[in-house]
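Visitor: give me a model of this one.
(chains A, B, C and D)
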There are 2 protein chains.
Amino acid sequence: MELRHLVHAKSLADEGSFRVAAAKLGLTQPALTKSIQALEAEVGVRLFDRSRKGIAPTAAGAALLRRATGLLDGMADLQAELRAIRGGRLGKVRAGLGPVPAKLVLAPSMERFVRDGMGIEISTEIGSASDLALKVARGELDFLIASLAEDLPIEGIETTLVGTMPLALLARHDHPVLAEGLPGAEALDRFPILGGRIPVTSHRRIAAGGYRPLLACDDYDVIGRVALNSDALVVATPALTRMGWPYSELAPLPLPASWPDDRRVAQLYLATREGKTMSPAAAEVVAEFRRQLDVALI
Amino acid sequence: MELRHLVHAKSLADEGSFRVAAAKLGLTQPALTKSIQALEAEVGVRLFDRSRKGIAPTAAGAALLRRATGLLDGMADLQAELRAIRGGRLGKVRAGLGPVPAKLVLAPSMERFVRDGMGIEISTEIGSASDLALKVARGELDFLIASLAEDLPIEGIETTLVGTMPLALLARHDHPVLAEGLPGAEALDRFPILGGRIPVTSHRRIAAGGYRPLLACDDYDVIGRVALNSDALVVATPALTRMGWPYSELAPLPLPASWPDDRRVAQLYLATREGKTMSPAAAEVVAEFRRQLDVALI
DNA sequence: GGACATTACGCTCTCCGTAATGATA
DNA sequence: TATCATTACGGAGAGCGTAATGTCC
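Guide: As a prediction, the model looks like this:
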């Protein structure tokens, strides 16, 4: 017994005529006759009484039709659900974001998801890239967008480059360094430098260049507030200054010429679990995040 | 999307391996691969992540499997119900019985249905053949077993002969007619005759023969009790005397030679609604009634 | 190299359409 | 005779099996 048979039987019962039912099903009359005959032969019971006055289900036919309706509705529901899942309109997404990408994309993306009222449940976790990368590898997060150091390969994740952030030094508008012109290595040496927690090797490289991040912190709100109320400089992408207070109160300064070449930009990666197909909902969220990222990084 | 796809997906998820699932399904590995691929292509979503460690459903796959289980169970239920209906083990049957057939078959048949504990709901209606035949024609009864006069054709029913009852005169054991030897026409004239309500034309024939049913009644218990406590004779089949009190107290006498030929036996007919397929449950009840009828009429 | 899954290819069986044949008012 | 259902027959496609090809340990 196939679903087709149920559809045919239901249509026949609804229309009360082989001819009409066949037409509505897009079949010819003989095809419907044979389909019903085959069904009756399979179940071994006559399902419809034929007469010139019309077609009427027998007791067995009525029993079949009662259940068929529910089954066909169930199939329709299943297909609708799969269509929604395919379209990324349904599902649960657990997203990981590094602190900077979170500041760049989270608010506008969330506004959009809320506004469009889609069926996606999103839970975001903001944290250090290495912590979250481990969660991705363990399947606790569907994906992660963060500044992953190339030299920190993590078992069980796949990465894709999704953006390159230029870096700059951010200083409060009335910072003394602005009055002194472009910051040379000496000037920088006089002020504390704030930034996110970065991989140990990068730390070493920067230290080798004579720069010392005084405050390494994953909370860029904290970093920004400190920069506003002190002489500290922030190493970050200038895009942050367009993302509202407190960074709107900071001005970007070019990095000094002596700044290490491989720290003049930060690479943003999308990390996913190896061998795991991303759900369409997750893909939809990733796409939205990347859109907002492109906007933020113009 | 066909049920086969759901079965395949479920088996694959359960077994966690194409090879094992295919074997359990009685398929070859390539066939299962293609089936799953076709399903994924149709819904447009990857349903299973393949890796050497095994097969794991994606979010979409899990959603499909959740619903698939219910749908497949529903199909199994439907098929079981149809099997039960086909086997006559399930259904509602509304049976009509003439008064005599009712006395002959009802008690032993009901005992059997109750004893075997089948799923058939039987409701019986005992009454005059013509009343019940109308109900059959209107679809209010599934069938009727009664002594239908051939000359009383009713629109919309089909009849089948299911038995021939010899008729006799039944008299109480100490009835005066027994002392007088075989009842001649004259002897009969001296005693009232009781019988069921019979068609008008038969009435006329009997009257033409000089016989007059004094009490025409559809309740054979009443008739039997009257015969026990009076000099009345009952026109009925001798089989009744084997069906317990009060008929066990009556003795059969041969009909007199002058009794009309076409009233020496009564024909029992099965009447069903024209053009309506009898449900297997009804057919089962009919079969049981006919078995008991054969036993009663030896 | 061995244990898997996937692709390639050919066969068969099912299902549908067209045409012919009832059946009934 | 007209309308509807059923039977007869032929063709296209779906699904399976066998065999060949990847692919990862």
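Visitor: who's in contact with the residue of the stretch 101-250 of chain A found nearest DNA strand C?
Guide: Nearest to DNA strand C in the stretch 101-250 of chain A, going by Cβ to the nearest atom of the strand, is A:E158, at a distance of 18.3 Å. (Each C-beta comes from the backbone N, C-alpha and C, glycine too.) Contacts here follow Cβ atoms under 8 Å, 6 or more residues apart in numbering or on different chains; on that basis A:E158 touches A:A271, A:T272, A:R273, A:E274.
Visitor: doesn't it belong to a helix?
Guide: No: with DSSP: H, G, I helix; E, B strand; the rest coil as the criterion, A:E158 is strand rather than part of a helix.
Visitor: tell me the pLDDT of it.
Guide: What the model reports for A:E158 is a pLDDT of 84.
Visitor: return the distance of it relative to A:L104.
Guide: 22 Å (Cβ to Cβ, to the nearest Å).
Visitor: kindly report the same for A:A21.
Guide: From A:A21 to A:L104 the distance is 59 Å (Cβ to Cβ).
Visitor: who has more neighbours out of those two?
Guide: A:L104 (28 against 22; other Cβ atoms under 10 Å in any protein chain shown).
Visitor: not including adjacent chain positions, what is the nearest residue to the more buried one?
Guide: Setting aside the residues directly before and after it, A:L104 is nearest to A:A296 in space (Cβ to Cβ, 6 or more residues apart in numbering or on different chains), at 4.2 Å.
Visitor: tally of neighbours for that neighbour?
Guide: That count, for A:A296 with other Cβ under 10 Å as the rule, works out to 20.
Visitor: am I right that it is in a helix?
Guide: Yes: counting by three-state DSSP, A:A296 falls inside a helix.
Visitor: one step back: okay, and the beta partners of the residue of the stretch 101-250 of chain A closest to DNA strand C?
Guide: Beta bridges link A:E158 to A:T272, judged by DSSP bridges.
Visitor: do A:L144 as well
Guide: Beta-bridge partners of A:L144, as defined by DSSP bridges: A:G96, A:A271.
Visitor: what's around it, how many residues?
Guide: 30.
Visitor: so how far is DNA strand D from it?
Guide: 22 Å (Cβ to the nearest atom of the strand, to the nearest Å).
Visitor: before we move on, the earlier item: name the member of the contacts of A:E158 with the most neighbours.
Guide: Going by other Cβ under 10 Å, A:A271 tops those with 24 neighbours.
Visitor: which residues touch that one?
Guide: Contacts of A:A271 (Cβ under 8 Å, 6+ apart): A:G96, A:A133, A:V136, A:F143, A:L144, A:I145, A:A146, A:L148, A:I154, A:I157, A:E158, A:T159.
Visitor: quick check: pLDDT value at the residue nearest to A:L25 when sequence neighbours are not counted.
Guide: In space, and not counting its chain neighbours, A:L25 is closest to A:S11: 5.3 Å by Cβ to Cβ, 6+ apart. A:S11 carries a pLDDT value of 89.
Visitor: was I right to think A:S11 contacts A:G26?
Guide: No: if you go by Cβ atoms under 8 Å, A:S11 and A:G26 don't touch, sitting 10.3 Å apart.
Visitor: these two - which one has more neighbours?
Guide: Using other Cβ under 10 Å, the more surrounded residue of A:S11 and A:G26 is A:S11, with 18 against 7.
Visitor: where is the longest helix in chain A?
Guide: Longest among the helix segments of chain A by residue count, using DSSP state H, is helix A:59-86.
Visitor: angle of that helix against helix B:59-86?
Guide: 180 degrees (axes from the mean of the first three to the mean of the last three Cα atoms, to 10 degrees).
Visitor: quick one: list the elements packing against helix A:59-86.
Guide: Helix A:59-86 sits against helix A:3-15, strand A:90-97, helix A:280-297, helix B:29-43, helix B:59-86, with contacts defined as 3 or more Cβ pairs under 8 Å, 6 or more residues apart in numbering or on different chains; DSSP states H and E.
Visitor: right, and these - which one's nearest DNA strand D?
Guide: So among those, helix B:29-43 is nearest, using Cβ to the nearest atom of the strand, at 3.5 Å.
Visitor: list the buried residues of the very next helix or strand once past the closest one.
Guide: Moving toward the C-terminus from helix B:29-43, the next helix or strand (DSSP states H and E) is strand B:48-51. Within strand B:48-51, the residues that count as buried by 16 or more other Cβ atoms under 10 Å in any protein chain shown are B:F48, B:D49.
Visitor: report whether strand B:48-51 contacts chain A.
Guide: Yes: shown here: strand B:48-51 in contact with chain A (Cβ under 8 Å from any Cβ of the partner chain) through B:D49, B:S51.
Visitor: strand partners of that strand, parallel vs antiparallel please.
Guide: strand B:54-57 (antiparallel).
Visitor: tell me the domain ranges of chain A?
Guide: A:3-86, A:91-164+A:267-296, A:168-263 (automatic domain parsing).
Visitor: start to end distance for the last one?
Guide: End-to-end span of domain A:168-263 (Cα to Cα, to the nearest Å): 10 Å.
Visitor: pretty sure A:G127 contacts A:G96?
Guide: Yes: if you go by Cβ under 8 Å, A:G127 and A:G96 touch, sitting 7.0 Å apart.
Visitor: those two - which one has more neighbours?
Guide: A:G96 (27 against 19).
Visitor: check contacts around that one.
Guide: Neighbouring residues of A:G96 by Cβ under 8 Å, 6+ apart: A:124-127, A:132-133, A:135-136, A:141, A:143-146, A:271.
Visitor: I'd like the residues you listed laid out as JSON lines, including distance to DNA strand C and secondary structure.
Guide: Putting these into JSON lines (distance: Cβ to the nearest atom of the strand, whole Å; DSSP: H, G, I helix; E, B strand; the rest coil) gives the following:
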{"residue": "A:T124", "distance to DNA strand C": "32", "secondary structure": "strand"}
{"residue": "A:E125", "distance to DNA strand C": "32", "secondary structure": "strand"}
{"residue": "A:I126", "distance to DNA strand C": "36", "secondary structure": "strand"}
{"residue": "A:G127", "distance to DNA strand C": "35", "secondary structure": "coil"}
{"residue": "A:L132", "distance to DNA strand C": "30", "secondary structure": "helix"}
{"residue": "A:A133", "distance to DNA strand C": "28", "secondary structure": "helix"}
{"residue": "A:K135", "distance to DNA strand C": "27", "secondary structure": "helix"}
{"residue": "A:V136", "distance to DNA strand C": "23", "secondary structure": "helix"}
{"residue": "A:L141", "distance to DNA strand C": "25", "secondary structure": "coil"}
{"residue": "A:F143", "distance to DNA strand C": "23", "secondary structure": "strand"}
{"residue": "A:L144", "distance to DNA strand C": "27", "secondary structure": "strand"}
{"residue": "A:I145", "distance to DNA strand C": "29", "secondary structure": "strand"}
{"residue": "A:A146", "distance to DNA strand C": "31", "secondary structure": "strand"}
{"residue": "A:A271", "distance to DNA strand C": "24", "secondary structure": "strand"}
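Visitor: tell me the one of those nearest A:D231?
Guide: Nearest to A:D231 out of the contacts of A:G96 is A:I126 (Cβ to Cβ; 27.5 Å).
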